[in-house]
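K.L.:
What would the 3D arrangement of this be:
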Amino acid sequence: MRRLRIFLAAALPLVLLSGCALHGSGGDSSEILEFEAQTWTLTFSGSKNSIEGQTAQYFADAVSDATNGAVTVELHPGDDLTGGDPQAGIQAVADGTASAGIYTSLACEAADPRLGAVSLPFLFSSAEDAAQRLDGSGGEALAAVLKEHGLHSLGIGESGFRCPTNSRGDLTSPAELAGLKLRVVDSPLIQEAYRLWGADVVTANWPMVFTALRTGTYDGQEEFLSVADGASVQEVQKYLTRWSGIYGGLYFFINEDLYNSLSPTLRDVADRCGRDTVDFQRRQNRQNEEDILAQWAKARVKVTELTEEEAAVFRQAAQPCYDRYAREYPELAPLWTAEPS
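P.N.:
Below you'll find the predicted structure:
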C-alpha cells in the first residue's frame with residue numbers, strides 16, 4: 001500500500017452543510033451533509049494565470065462551494081512542490097505527497113507511453129469528437145492506466161490540436177511535408193508520425209526555436225496555438241495548417257488512496273467538480289484558440305484547413321503508428337475503434 005499524506009488542519013471540526021444538492025447523493029435539498037475540514041494540494045506546471053492555473057482555480061472554487069468551505073484546495077503552480085519538475089509532480093500525486101494534479105498528455109506520456117495515445121495521428125476528427133470519446137470508453141481505458149499508477153481520473157481536458165506552421169506554403173498532403181525541416185516536440189509517437197509523413201524531423205529546446213525559424217535554420221515547427229502565439233511564431237511563419245492531426249490531452253487526477261478514503265458523498269463532490277472543471281477548461285481553451293486565430297489573421301498568416309479526403313491520406317500514411325499501439329497496448333483499443341462522432 002502506498003503511503004498517503006492527507007493535509008489536514010489539526011483538530012478541525014466537521015462542517016455541517018444544509019441545502020447542498022449533490023449529483024448522485026440520493027438526498028433532497030433538506031439533507032444535512034457533513035464534511036471533515038481538510039486541505040487538498042493541487043499541483044500543475046503552468047503559471048497561476050495560465051489556462052492550467054485558471055482550471056485549477058475553478059476546481060478549487062467548485063469544491064469549496066460544494067462543501068461550504070470545508071475542503072480547501074491549495075494551488076501549487078509551476079510545480080513549485082517539486083522544483084519545477086513535472087515528472088516529479090506526477091509522481092508526487094501518485095505517492096500522496098500531493099493530493100491532485102493537472103498535467104499534459106506529453107508530460108504523462110513520459111511516465112507511461114500509453115497516456116500519450118491521445119496523440120495518435122488523426123485519432124479524432126474534431127475537438128468535439130475528442131471530448132465525446134474521452135468522456136466515454138476511450139477515457140475509461142486511459143483511466144484504467146492512471147489507476148495502475150495510483151491515480152483516480154477526474155477527467156481529461158484538452159490542450160487542443162498541435163498545428164504545424166512553415167515558411168514554404170500550404171501543407172495539404174504528405175508530399176508537401178517531404179523534406180521540410182520541422183521542429184517537432186520530444187515525443188516518440190509524434191516524431192514517428194511526422195517521419196511517416198516525410199518531414200525532416202529535428203528537436204530543440206523551445207526557447208531556441210524562434211531564432212531558428214527567423215534565420216531559416218528550420219522551415220517550420222509544430223505546437224499548440226497558445227504555445228506558438230506565446231513565442232510570437234506568427235512574426236516569422238506565414239503558413240499555418242489548422243488540422244486535427246495531433247491532439248493534446250490534459251489529464252486531471254487525484255491520489256487514489258486519498259479518493260478512496262473519502263466518504264461516498266465527498267467522492268461524488270470530487271468527481272462532479274472534476275467533470276465541471278474539465279468542461280470549463282475545454283471552453284476556455286477553444287475560446288483562446290479563436291482569439292489567437294483572429295490575431296494571426298491580422299498578422300497575415302494564411303490558415304489552411306484540410307478536407308476530409310486530405311485528412312484521410314495523412315491518417316492512412318500514419319497507419320504504422322496504430323499497428324504498433326494495437327500490438328503493444330491492445331487494452332487501449334476503445335480509443336481508436338470507436339466511430340468518430
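
K.L.:
residues contacting S173?
P.N.:
S173 is in contact with 310, 313-314, counting by Cβ atoms under 8 Å, 6 or more residues apart in numbering. Any C-beta I mention is one placed from the backbone N, CA and C, and that applies to glycine too.

K.L.:
Neighbour-wise, which one of these leads?
P.N.:
Per-residue neighbour counts (other Cβ atoms under 10 Å) across the contacts of S173 peak at F314, which has 22 neighbours.

K.L.:
Let me see the mean pLDDT of the longest helix seen in the chain.
P.N.:
Taking DSSP state H as the criterion, the chain has its longest helix at helix 264-298. Helix 264-298 carries an average pLDDT of 97.

K.L.:
buried set for it?
P.N.:
265-278, 280-282, 284-285, 288-289, 292-293, 296 (16 or more other Cβ atoms under 10 Å).

K.L.:
Provide the secondary structure category for the spatially closest residue to R282 that is not a sequence neighbour.
P.N.:
Nearest non-adjacent residue to R282, counting by Cβ to Cβ, 6 or more residues apart in numbering: E158, 5.4 Å away. Three-state call for E158 (DSSP: H, G, I helix; E, B strand; the rest coil): strand.

K.L.:
roughly how far apart are E158 and A204?
P.N.:
E158 is 25 Å from A204, where distance means Cβ to Cβ, to the nearest Å.

K.L.:
S159 contacts S105, correct?
P.N.:
Yes. Using Cβ atoms under 8 Å, S159 is in contact with S105, at 7.4 Å.

K.L.:
Mutual contacts of the two, please.
P.N.:
Between them, S159 and S105 share the contacting residues 248-250, judged by Cβ under 8 Å, 6+ apart.

K.L.:
Show me which of those is closest to K302.
P.N.:
Each of the shared contacts of S159 and S105 was checked against K302 using Cβ to Cβ; the closest is G248, at 23.3 Å.

K.L.:
Starting from T72, give me the distance back to the closest one.
P.N.:
For G248 relative to T72 (Cβ to Cβ), the value is 30 Å.

K.L.:
same deal with P164?
P.N.:
P164 is 42 Å from T72, by Cβ to Cβ.

K.L.:
So these two - more neighbours on which side?
P.N.:
The neighbour comparison of P164 against T72 (other Cβ under 10 Å) goes to P164, with 28 against 16.

K.L.:
Compute the distance between F280 and A100, please.
P.N.:
In terms of Cβ to Cβ, F280 sits 16 Å off from A100.

K.L.:
contacting residues around K147?
P.N.:
Contacts of K147 by Cβ under 8 Å, 6+ apart are 153, 256.

K.L.:
Now it: which helix or strand?
P.N.:
helix 137-148 (DSSP states H and E).

K.L.:
list the buried ones in that helix?
P.N.:
So for helix 137-148, counting by 16+ other Cβ under 10 Å, buried means 138-139, 141-143, 145-146.

K.L.:
Point out where this protein drops to low pLDDT.
P.N.:
1-32, 339-341 (pLDDT under 70).

K.L.:
Just the strands from it, written as ranges.
P.N.:
14-18, 32-36, 38-44, 71-76, 100-104, 151-166, 181-183, 200-202, 220-223, 239-242, 246-255, 302-305 (DSSP state E).

K.L.:
quick check, distance from the second one to the centre of its chain.
P.N.:
Going by Cα atoms, centre = their mean, to the nearest Å, the spacing between the C-alpha centre of strand 32-36 and its chain's C-alpha centre is 32 Å.

K.L.:
Who are the packing partners of that strand?
P.N.:
strand 14-18, helix 264-298 (3 or more Cβ pairs under 8 Å, 6 or more residues apart in numbering; DSSP states H and E).
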